[in-house]
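[1] Predicted model, plus sequence, below.
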Amino acid sequence: MIEKVNPRHPDKVADRIAGAIVDLAYRGEQDPKIAVEVLIGHGICHVIIETTAALNREQIEAAIHRIAGNVLPDVLIVPQDALLSENQADDIRCGDNGIFKGAPLTEEQKTLSRIARSIYKKYTSDGKYILDSDRLIICQSNAPTSTLAEDYPDAEINPLGDWTGGTDVDTGATNRKLGSDMADSVTGGGLHGKDLSKADVSVNIHAFLKAQRTGAPVEFCCAIGDSSVDGLPYREIVEEARTYIQSLGGFEAFAEWGLY
């Protein structure tokens, strides 16, 4: 049993905005420290940014409008805690406490991911989908139910009828759809709106990729300041995650679908 939401779901809009702001930080620095939280809905986009990077407010607002349309940006930028910044000054070390696990994707999870992406190619508006064994549930806004039924005749489509969706009728917040992003690899840490020093980003990616390579579940824990995880220097974990995110096109692109 698994749920996927598409990149226009309000929570994913929030994740994408957070990712776009992290992308801006990385354009200015090799290894910025940044954490972004976004709450969006009903014409307003609230953003709180803690960072060492010199960010351009106009570029932030442009990213918000590009992703979310005509909303009012409410942006607060504050410095990252000075002690935390100093503790990372000599090298990149683990940026937070946490427990992490990676799990191989099931065929059911892969199937729903393909279905969600296929529907999104036709209908680029808010949508969410569930697959539970043979039960496929498709909730797709701004799409004719009859047309979807032609493509998916055995699915339950928009059970309460047509709907509008989006941030004009719902709110979105960063890291609220981790089940959609991580499948069975979900733990406590959120993937989006953070730099690569944060274990929530890099160790989650490492655990997920290792599970796919080995075909077996993995689990790790780490403490803030750790210089290694899973027997590897923490910088190697960070570089693995950097390569992975770059292969997708950046943090905003990573936020669209998460890890699968």
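    Cool, the structure landed. Numbers count the residues shown, from 1 in each chain.
[2] where are the low-confidence patches of this protein?
    For the chain, the stretches with pLDDT under 70 are 87.
[3] Could I get the contacting residues of residue 132?
    Residues in contact with residue 132, defined by CB atoms under 8 Å, 6 or more residues apart in numbering, are residue 1. To be clear about C-beta, it is placed using only N, CA and C from the backbone, and glycine gets the same treatment.
[4] before we move on, what about residue 154?
    Contacts of residue 154 by CB under 8 Å, 6+ apart are 134, 136.
[5] Need the phi and psi values for it.
    Backbone torsions of residue 154, given as degrees, to the nearest 10, read phi -100, psi 0.
[6] where exactly do the strands run in the stretch 101-250 of the chain?
    127-132, 135-140, 156-157, 172-173, 218-222, 228-229, 232-233 (DSSP state E, counting those that start in this stretch).
[7] other SSEs contacting the third one?
    It refers to strand 156-157. strand 135-140, helix 145-151 (3 or more CB pairs under 8 Å, 6 or more residues apart in numbering; DSSP states H and E).
[8] Now stretch 227-247: buried residues?
    Neighbour-count burial for stretch 227-247, counted by 16 or more other CB atoms under 10 Å, picks out 229-230, 234-235, 237-238, 240-242, 244-245.
[9] wouldn't residue 79 be in contact with residue 54 here?
    No - counting by CB atoms under 8 Å, residue 79 sits too far from residue 54 to count as a contact (10.8 Å).
[10] tally of neighbours for the residue nearest to residue 125 when sequence neighbours are not counted?
    Using CB to CB, 6 or more residues apart in numbering and skipping the chain neighbours, the partner closest in space to residue 125 is residue 142 (4.3 Å). If you count neighbours by other CB atoms under 10 Å, residue 142 ends up with 15.
[11] Can you say which of the strands of the stretch 101-250 of the chain is nearest to residue 193?
    Nearest to residue 193, of all the strands of the stretch 101-250 of the chain, is strand 172-173, at 10.4 Å by CB to CB.
[12] Can you say which of the strands of the stretch 101-250 of the chain is nearest to residue 112?
    Closest among those, using CB to CB: strand 127-132, at 4.1 Å.
[13] Which stretches in the stretch 51-200 of the chain count as helices?
    Ranges of helices in the stretch 51-200 of the chain, per DSSP state H, counting those that start in this stretch, are 57-68, 82-87, 107-122, 145-151, 178-182, 199-214.
[14] Any chance of CSV for these, columns distance to residue 39?
    Below are the helices of the stretch 51-200 of the chain laid out as CSV (distance: least, CB to CB, whole Å):
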stretch, distance to residue 39
helix 57-68, 12
helix 82-87, 23
helix 107-122, 24
helix 145-151, 31
helix 178-182, 16
helix 199-214, 18
